[in-house]
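Participant: fold the following for me, if possible:
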Amino acid sequence: MTSLALNHVTAPRLSTEGLLRLAQQLGCAGVELRNDLDTPLFSGMSPEDVKKLAEENGVEILALAEVKAFNDDCDSKLCLASELMDLANRCGASAIALIPRVGGDTINRQAQKAKLRVALEAFMPLLESRDLVGLVEPIGFSNSTLRYKEDTVEVIDSLNARHCFKLVHDSFHHRLAGEELIFAQQTGVVHISGVLDAELTRDELQDGHRGLVSENDSLGTMEQLGFLAQQGYTGPVSYEVFAPDVHALPDLKEQLGKSIQFVTSFSEQTVRLETG
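Facilitator: Just a heads-up that it's a prediction; the model follows:
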């Protein structure tokens, strides 16, 4: 079983310190911290203190999220990205998350790839100079300007930039995009969540539907993890849960623990079946 992690949006009411302690208590190997929550990034702590606290809890800071609409062609995005990269270096994170624009003019796929190439070319030297990875997350919503991992890999490879950029495979957005291809070797982190209502269509699914992973998940999350494992993926699998009803659970730690047990047990069973 690959290592599990917590994205801060899964427990947004916790401080950074609280998230690190929760991850340690649940046996998670890492966390992803965010700059788009109600509380500020690091919850008022210095990046250096966050690094120290993570080390004390035996938890890795996988990434800082996020540079929103990173594929917009404007200098302000590079400035924001540079600031986030510097914070990543200071807190010990190994990557930053790059999120495409959702909404507005989505144009056609070829034009989207051209804009993606321009953006990645601009980000490359910034990442290289700081020894960081840019985690590019295709967003599966129909109004996203980058929906498909296939397009992302094509552009990354055209730039010979696998050392700088890796994919985020998100079980929710993979389902929304209707994409069948799995790019395990190009994937840097996997985001998982579960949707209980199997009647919802792709067009109806929204972030608020993304709950904990269980046997009733309609996204095919565990099947996706199985395909990734078959192709050799051994990186982190991070819970990214947006559902407000999950955030409000008085026993969130207990429910997360049950979901983690399910994911771990399912994965171990799959491995036993594959190896005979």
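
Participant: hey, let's count contacts and neighbours off CA atoms from now on
Facilitator: Fine.

Participant: ok, the residue nearest to Asp86 when sequence neighbours are not counted - contacts?
Facilitator: Excluding the flanking residues, the one nearest Asp86 by Cα to Cα, 6 or more residues apart in numbering is Arg130, at 7.7 Å. Contacts for Arg130 were tallied using Cα atoms under 8 Å, 6 or more residues apart in numbering; they are Met85, Asp86, Asn89.

Participant: go on, Val213?
Facilitator: With contacts defined as Cα under 8 Å, 6+ apart, Val213 is in contact with Ile192, Ser193, Gly194, Val195, Thr221, Ser259, Phe262, Val263.

Participant: quick one: secondary structure of the one residue sitting closest to the centre of the chain?
Facilitator: For the chain, His191 is the residue whose C-alpha lies nearest the centre (Cα atoms, centre = their mean; 4.7 Å). With DSSP: H, G, I helix; E, B strand; the rest coil as the basis, His191 sits in strand.

Participant: run through the bridge partners of it.
Facilitator: Asp170, Ser238 (DSSP bridges).

Participant: touching, it and His173? I think so.
Facilitator: No. Between His191 and His173 no contact is recorded; they are 9.3 Å apart, counting by Cα atoms under 8 Å.

Participant: hang on, the earlier thing: in CSV, list the contacts of Val213 along with pLDDT, distance to Glu56 and neighbour count.
Facilitator: Formatted as CSV, the contacts of Val213 follow (pLDDT from 0 to 100; distance: Cα to Cα, whole Å; neighbours: other Cα atoms under 10 Å):
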residue, pLDDT, distance to Glu56, neighbour count
Ile192, 98, 26, 27
Ser193, 98, 28, 27
Gly194, 97, 31, 26
Val195, 97, 34, 25
Thr221, 97, 32, 23
Ser259, 97, 25, 19
Phe262, 96, 28, 16
Val263, 96, 26, 20
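
Participant: nearest to Val67 among those?
Facilitator: If you rank those by distance to Val67 using Cα to Cα, Ile192 comes first, at 20.1 Å.

Participant: quick one, what contacts the closest one?
Facilitator: Neighbour list for Ile192: Asp170, Ser171, Phe172, Val213, Thr221, Val237, Ser238, Tyr239, Glu240, Val241 [criterion: Cα under 8 Å, 6+ apart].

Participant: do a quick rundown of the helices in the stretch 51-200 of the chain.
Facilitator: 75-91, 109-130, 149-158, 171-177 (DSSP state H, counting those that start in this stretch).

Participant: list the buried ones in the second one?
Facilitator: In this case it means helix 109-130. Gln112, Lys113, Lys115, Leu116, Arg117, Ala119, Leu120, Phe123, Met124, Leu126, Leu127 (16 or more other Cα atoms under 10 Å).

Participant: CA atoms only: put it into CSV for me.
Facilitator: Only the C-alpha atoms of helix 109-130 are listed here, as CSV (Å, rounded to 0.1, in the frame of the first residue of the first chain):
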residue,chain,number,x,y,z
ARG,A,109,-8.0,22.0,-26.9
GLN,A,110,-5.2,22.9,-29.2
ALA,A,111,-5.3,26.5,-28.1
GLN,A,112,-5.4,25.4,-24.5
LYS,A,113,-2.3,23.3,-25.0
ALA,A,114,-0.5,26.3,-26.5
LYS,A,115,-1.3,28.4,-23.5
LEU,A,116,-0.2,25.6,-21.2
ARG,A,117,3.1,25.3,-23.0
VAL,A,118,3.7,29.1,-22.5
ALA,A,119,2.9,28.8,-18.8
LEU,A,120,5.1,25.8,-18.2
GLU,A,121,8.0,27.3,-20.0
ALA,A,122,7.8,30.3,-17.8
PHE,A,123,7.5,28.3,-14.6
MET,A,124,10.4,25.9,-15.4
PRO,A,125,13.3,28.1,-14.5
LEU,A,126,11.6,29.2,-11.3
LEU,A,127,11.1,25.6,-10.2
GLU,A,128,14.6,24.5,-11.3
SER,A,129,16.3,27.2,-9.3
ARG,A,130,14.5,26.1,-6.2
